[in-house]
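Enquirer: How does the following fold in three dimensions:
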Amino acid sequence: MKRTLQIRTADGGRQTVPLDGDKLALGRAHENELHFPDDTSLSRRHLLLERTGDDWTVRDLGSKNGTFVNGERLSESHRLTPGDRIAAGHLTLAFEDPLGAAAGDVTFFAGSEADLPPNATIISNLEGALSGESTPTQSGKLQAAVRTTGPKTPFDDAAVTALIRAGRELAIRRPLPELFHLILDLSVETVKADRGVLLTLEKEGLLARAARGEGFRISTAVRDRVLHSRQSLLVRDTSLDEALRNRVSISEQNVRTLMAVPLQTGDRVIGLIYVDFPALAADLAPRDLDLLTVLANVAAIRIEQERLALVELDEHRHALELEQAAEIQRRLLPNDAPAVEGADLAGFNTSCRTVGGDYYDFFPLTDGRVAVVLADVSGKGLPASLLMASLQARVQVLLEEPDDLPRLMSRLDRMMSKSCPGNRFVTMFLCVLDPRTGEMAYCNAGHNPPLLARAEGQVEQLRGGGTVLGMFPDLGYEEKRCRMEPGDLLTLFSDGVTEASSPADEEFGEERLARLLAGARGISAEAVLDLIGKTLAEWTAGAPPTDDITVVAIRRC
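Expert: Here you go, the predicted structure:
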């Protein structure tokens with residue numbers, strides 16, 4: 001993640017600058033990447049920020065008024081660490097860690113174990129707080145800071161009262177923003193802290209969700225102990241450690257005592273609570289740290305419950321919207337095939353999800369002919385269904401003039417090219433049948449070739465046509481013709497039929513479908529659909545479809 005500069009101007013304005021590239025110059029002149037022409041205390045070229053590997057350095061460019069880092073004037077190049085503050089003219093620049101909060105005034109400075117003075121630091125964890133036993137720690141100088149193994153002082157009446165109050169308050173359903181503020185208020189009041197901030201771990205990093213106070217500067221050593229080691233920390237007296245005492249970010253805030261605990265559910269940490277005190281909080285004891293640890297655990301569980309409730313609510317709302325979309329889509333497809341003299345028509349559609357991308361329709365024409373269309377939008381679910389609705393509207397308009405099928409297909413192709421994203425396309429078969437003569441014109445846009453089962457038992461594929469719709473708008477299409485004799489059966493289908501898999505992962509395939517149709521002589525179009533549906537159910541052993549399935553049957557009488 002990129003490091004950033006938080007720049008504050010004299011009038012209180014702020015801006016965040018991601019540190020891209022290798023160099024950033026700052027000054028009054030416009031040729032600087034960061035230019036502030038109205039700040040007369042800046043030199044024309046005041047300072048330069050440079051990247052060296054993963055590090056950034058700052059150096060003064062001979063400015064009149066100088067450049068200061070953490071209060072000290074620069075005389076040479078200085079390697080920046082998160083939390084450093086640069087002063088130039090009337091500007092303050094904070095060099096920030098990518099895990100710094102994206103909301104709220106929280107910055108993490110590069111810390112070390114020196115920020116946890118062994119003679120003033122108490123360490124606990126959730127297991128220890130709940131079980132009444134201390135927690136072993138890593139070897140080293142922090143060992144002296146850990147309580148010895150053995151039973152701890154039980155919570156006193158005030159602590160029990162605080163936990164009961166927290167449980168009562170947190171049991172009430174609240175929006176997450178309100179819940180975050182309530183948790184922080186309970187935390188601050190429970191240990192009588194002066195300031196506090198609650199942060200949660202999100203994809204973007206740590207986000208401040210609620211704060212009492214501002215300008216929080218937290219050591220990365222404290223942060224990492226809490227988040228990664230799942231430890232709770234009480235630093236009773238920051239002044240006992242020279243390294244910590246001399247940090248500008250600590251001393252300028254007048255922080256004397258601090259506590260940090262994980263928002264932990266089970267083994268997972270979802271954030272942390274940090275509180276601090278300007279004066280020495282000498283009366284804080286290990287049980288206070290345990291109390292805040294347990295409170296944070298209860299709060300974390302409540303946060304997760306509320307998040308889960310929101311997810312469930314979203315899923316319910318999404319399911320309702322999908323069901324409404326499915327009802328709309330069902331209305332776009334024909335309820336029943338029209339009665340056409342000389343032809344027996346039937347069709348059905350099954351979506352593998354609530355909504356799908358297959359489409360079919362019948363269009364009786366005024367001269368006794370009938371147009372039939374079957375299309376398959378690439379993909380599944382809601383995106384495919386939206387394109388299907390767009391396709392349906394266009395087909396209905398274009399079929400008002402069905403005599404030039406290649407021209408109709410080309411127009412439809414151009415229209416869909418404007419609607420289809422780069423990874424989407426449509427396959428479609430369109431035919432116009434005159435049941436009186438059996439003459440049929442058809443055009444295929446990259447769809448599965450329909451199967452024409454002759455009354456005598458032979459099965460033919462209706463090949464030819466053109467490419468898919470929505471990708472190549474200028475390639476054009478070809479019209480083909482054939483004759484259907486009385487008793488002939490034409491079957492249009494989407495690839496969900498032929499690609500249906502058996503438990504052995506074998507596809508149903510076009511050959512099986514052709515053999516099935518060859519044996520379907522003398523039955524109605526509706527019976528053909530029933531036969532296909534039953535056969536597919538047996539082939540897949542009743543498993544739900546993995547793709548949309550659409551079939552249209554046309555029998556010439």
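Enquirer: Listing request: residues of this structure with sub-threshold pLDDT.
Expert: Along the chain, segments meeting pLDDT under 70 span 1-2, 12, 83, 97-104, 111-115, 117-119, 131-159, 240-253.
Enquirer: how about the residue nearest the centre of it, phi and psi?
Expert: When CA atoms, centre = their mean is applied to the chain, the residue found nearest the centroid is Lys203 (9.4 Å). For Lys203, the backbone dihedrals (degrees, to the nearest 10) come out as phi -60, psi -30.
Enquirer: Now do the helices in the stretch 1-150 of the chain.
Expert: 126-131 (DSSP state H, counting those that start in this stretch).
Enquirer: hmm, back to that, and the residue nearest to the centre of the chain, how close does it get to Asp55?
Expert: Between Lys203 and Asp55 the computed distance is 26 Å (CB to CB, to the nearest Å). For the C-beta atoms, the positions are set from N, CA and C on the backbone; glycine is no exception.
Enquirer: Roughly how far does Leu179 sit from Ala210?
Expert: 9 Å.
Enquirer: now swap in Glu538 and tell me
Expert: Taking CB to CB, one finds Glu538 at 60 Å from Ala210.
Enquirer: Of these two, which one has the most company?
Expert: The neighbour comparison of Glu538 against Ala210 (other CB atoms under 10 Å) goes to Ala210, with 23 against 10.
Enquirer: now that one, which residues is it bridged with?
Expert: With DSSP bridges as the criterion, Ala210 is bridged to Leu198.
Enquirer: wait, what's in contact with it?
Expert: The contact partners of Ala210, taken as CB atoms under 8 Å, 6 or more residues apart in numbering, are 177, 180-181, 183-184, 197-198.
Enquirer: Show the buried residues in the residues you listed.
Expert: 180-181, 183-184, 197-198 (16 or more other CB atoms under 10 Å).
Enquirer: Tell me which stretches of the chain form helices.
Expert: Taking DSSP state H, the helices of the chain run over residues 126-131, 157-170, 176-191, 220-228, 242-245, 248-251, 286-332, 381-398, 405-419, 495-498, 509-518, 525-539.
Enquirer: what's in contact with the third one?
Expert: When you say that, I think you mean helix 176-191. 162, 165-166, 169-170, 174, 193-198, 200, 209-212, 259, 273, 275, 284, 288, 291-292, 295-296, 299, 302-303, 306-307, 310.
Enquirer: Buried subset of those as a ChimeraX selection?
Expert: Buried subset of the contacts of helix 176-191, written as a ChimeraX selection, criterion 16+ other CB under 10 Å:
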select :162,166,169,170,193,194,195,196,197,198,200,209,210,211,212,259,273,275,284,288,291,292,295,296,299,302,303,306
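Enquirer: All the strands of the stretch 451-557 of the chain, residue numbers only.
Expert: Remark: strands assigned in the stretch 451-557 of the chain by DSSP state E, counting those that start in this stretch are 451-453, 459-461, 480-483, 489-493, 549-556.
Enquirer: Make TSV from these and add distance to Ser524 and mean neighbour count to it.
Expert: What follows is the strands of the stretch 451-557 of the chain, written out as TSV (distance: least, CB to CB, whole Å; neighbours: other CB atoms under 10 Å):
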stretch	distance to Ser524	mean neighbour count
strand 451-453	14	22
strand 459-461	19	15
strand 480-483	21	13
strand 489-493	10	25
strand 549-556	7	26
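Enquirer: Tell me which of those strands approaches Thr40 most closely.
Expert: strand 549-556 (73.7 Å; CB to CB).
Enquirer: What is that closest one packed up against?
Expert: strand 343-350, strand 358-364, strand 370-377, strand 489-493, helix 495-498, helix 525-539 (3 or more CB pairs under 8 Å, 6 or more residues apart in numbering; DSSP states H and E).
Enquirer: what would the ones you listed look like in CSV with distance to Asn335?
Expert: CSV is the format used below for the helices and strands packed on strand 549-556 (distance: least, CB to CB, whole Å):
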stretch, distance to Asn335
strand 343-350, 10
strand 358-364, 11
strand 370-377, 16
strand 489-493, 18
helix 495-498, 21
helix 525-539, 13
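Enquirer: and of the ones you listed, who's closest to Tyr477?
Expert: strand 370-377 (13.8 Å).
Enquirer: Now do that closest one: which elements does it pack against?
Expert: strand 343-350, strand 358-364, helix 381-398, strand 426-433, strand 489-493, strand 549-556.
Enquirer: Quick one, which of the ones you listed gets closest to Glu321.
Expert: Across these, closest to Glu321 is helix 381-398 (CB to CB), at 8.9 Å.
Enquirer: what comes up buried for the closest one?
Expert: 381-392, 394-395, 398.
Enquirer: if I read this right, Arg223 contacts Leu272, doesn't it?
Expert: Yes - counting by CB atoms under 8 Å, Arg223 touches Leu272, with 7.1 Å between them.
Enquirer: Find the residues that touch each one of these two.
Expert: 206, 260.
Enquirer: Who has more neighbours out of the two?
Expert: Neighbours per residue (other CB under 10 Å) separate Arg223 from Leu272, with Leu272 holding more: 26 against 22.
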